[in-house]
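Chemist: Next come a sequence and a model predicted from it.
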Amino acid sequence: MTAVVREPADFRRACDEARGRGQRVGLVPTMGALHAGHLSLIDEAKARADFIAVTIFVNPLQFGEGEDLDRYPRTMEADLEGCRGRDVDVVFAPDPKAMYPDGFQTQVSLGEITKPLEGEFRPGHFDGVTTVVTKLFNLTGPSVAVFGRKDYQQWRILSRLALDLDMPIEVVGCAIIREADGLALSSRNRYLSASERKRALGIVTGLRAAYDAWTGGQRNPDTLRALAAAPVEALFDRADYVAAADPETLGAPEDPESRLLLAVAAHLGKTRLIDNVVLGEDPRP
Ligand SMILES: Nc1ncnc2c1ncn2[C@@H]1O[C@H](COP(=O)(O)OP(=O)(O)OP(=O)(O)O)[C@@H](O)[C@H]1O
Ligand SMILES: [Mg+2]
């Protein structure tokens, strides 16, 4: 049975009771509009915990001015079906007012790791993420929390948050789930028109070109970056970044001979897509 709760106190009680029964609690935070990527996170949580909590909350704090908060896809009934199908124990779907009542004024904010890549183009975004995830961690008391590596920097930041603040939570990052043609699954893909959907492949085409060059021995970060960038620049309306970065710090590559993060964010019309690969670690995208 999947319980659906809207009040933070009810969610906390459900998780407390599970821990009281000696169960390990696994947390999967989402913004809803669930797809197979989200379901893979739930499966990973189930492999690592006994009681699975999924949160569905379009967090206003992490959307910037002019971003898509108002039109963000909301598909609650289908999402609940997906959670029931996976035997999720509790779904927490609060109203923004319940998470941020009048008088709310606390922010959780990390340092250097939040500055490059997404941080540069979405000012304040990660403060919104780390603040809401801290609240969700405190309500849930999970042993394990599961995130996707599509949002690679977010996963690194949340791992750092748990480490820095001594939260006894294992923060797991799952592989990116892709469509058959390679496009990374994203709730925002549903915004794409048919022609944008075709052009969206520019990202994975570029990541594959860089991956193949790496496999052939290429280790120059600028060369690999340029290979990833070419099809994005040709097919997208605008790129925020196509970057070669260190997979740990997200800053300048420190050991590009062994591992290199290539990360992309680019726009098709009103839709912004992100994707990445860690060369030397991930399989071919
Ligand atoms: N294709 C994917 N593979 C694996 N994990 C994913 C994938 N897409 C999203 N996730 C993960 O699901 C969790 C919830 O993300 P979210 O609800 O924002 O979905 P989303 O698809 O990223 O939506 P959007 O692209 O609109 O932000 C995050 O940890 C995210 O990294
Ligand atoms: Mg997302």
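Modeler: Noted; the coordinates are in hand. Numbers count the residues shown, from 1 in each chain. Ligands and ions are numbered 1, 2, ... in the order given.
Chemist: Tell me which residues touch the closest residue to ligand 1 within the chain, please.
Modeler: At 2.1 Å from ligand 1, Gly148 is the closest residue in the chain, using Cβ to the nearest ligand atom. In this view, the C-beta of every residue, glycine as well, is placed from N, C-alpha and C. Neighbouring residues of Gly148 by Cβ atoms under 8 Å, 6 or more residues apart in numbering: 37-38, 40-41, 155, 173-174, 176-177.
Chemist: at 10 Å what do you get?
Modeler: Contact analysis of Gly148 by Cβ atoms under 10 Å, 6 or more residues apart in numbering lists 28, 30, 37-38, 40-41, 44, 154-155, 172-177, 184-186.
Chemist: Show me which of those are buried.
Modeler: 28, 30, 37-38, 40-41, 44, 154-155, 172-174, 176-177, 184-186 (16 or more other Cβ atoms under 10 Å).
Chemist: Also near ligand 1: which of the residues you listed, exactly?
Modeler: Subset of these in contact with ligand 1: 30, 37-38, 40-41, 174, 176-177, 184-186, counting by Cβ under 6 Å from any ligand atom.
Chemist: Now render these as TSV, adding distance to Ile113 and pLDDT.
Modeler: Converted to TSV, those look like this (distance: Cβ to Cβ, whole Å; pLDDT from 0 to 100):
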residue	distance to Ile113	pLDDT
Thr30	22	98
Gly37	23	98
His38	24	98
Ser40	25	98
Leu41	22	99
Cys174	20	98
Ile176	20	99
Ile177	24	98
Ala184	22	98
Leu185	25	98
Ser186	22	98
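Chemist: near ligand 1, which residues of the stretch 151-285 of the chain?
Modeler: So the stretch 151-285 of the chain meets ligand 1 at 151, 174, 176-177, 184-188 (Cβ under 6 Å from any ligand atom).
Chemist: Mind telling me the two of the residues you listed farthest from one another?
Modeler: Based on Cβ to Cβ, the longest span within these runs between Cys174 and Arg188 and measures 18.4 Å.
Chemist: ranges for the strands of this structure?
Modeler: For the chain, the strands defined by DSSP state E occupy 3-5, 25-30, 51-56, 90-92, 144-148, 170-174, 238-245, 260-268, 271-279.
Chemist: which residues of this structure fall in helices?
Modeler: 8-20, 36-48, 76-85, 96-99, 118-121, 125-140, 152-164, 194-199, 201-215, 221-235 (DSSP state H).
Chemist: Of all the ones you listed, which one is nearest Gly64?
Modeler: Using Cβ to Cβ, the helices of the chain put helix 125-140 closest to Gly64, at 6.3 Å.
Chemist: next one: phi and psi at Ala49?
Modeler: Main-chain torsions, Ala49, degrees, to the nearest 10: phi -150, psi 170.
Chemist: Contact partners for it?
Modeler: 18, 23-28, 89, 142-146, 170 are the contacts of Ala49 under Cβ under 10 Å, 6+ apart.
Chemist: try it again with 8 Å
Modeler: Here Ala49 is in contact with 23-26, 142-144 (criterion: Cβ under 8 Å, 6+ apart).
Chemist: Please apply the same query to Leu110.
Modeler: 126, 130, 157, 160-161, 164.
Chemist: Go again with 7 Å.
Modeler: 126, 130, 157, 160-161 (Cβ atoms under 7 Å, 6 or more residues apart in numbering).
Chemist: Check what pLDDT Leu117 gets.
Modeler: Note on Leu117: pLDDT of 98.
Chemist: now Ala180
Modeler: So Ala180 comes in at 98 (pLDDT).
Chemist: Same question for Gly280.
Modeler: pLDDT, read off for Gly280, is 98.
Chemist: out of everything not next to it in sequence, what's closest to it?
Modeler: Arg259 (4.1 Å; Cβ to Cβ, 6 or more residues apart in numbering).
Chemist: No further queries at this time; thank you.
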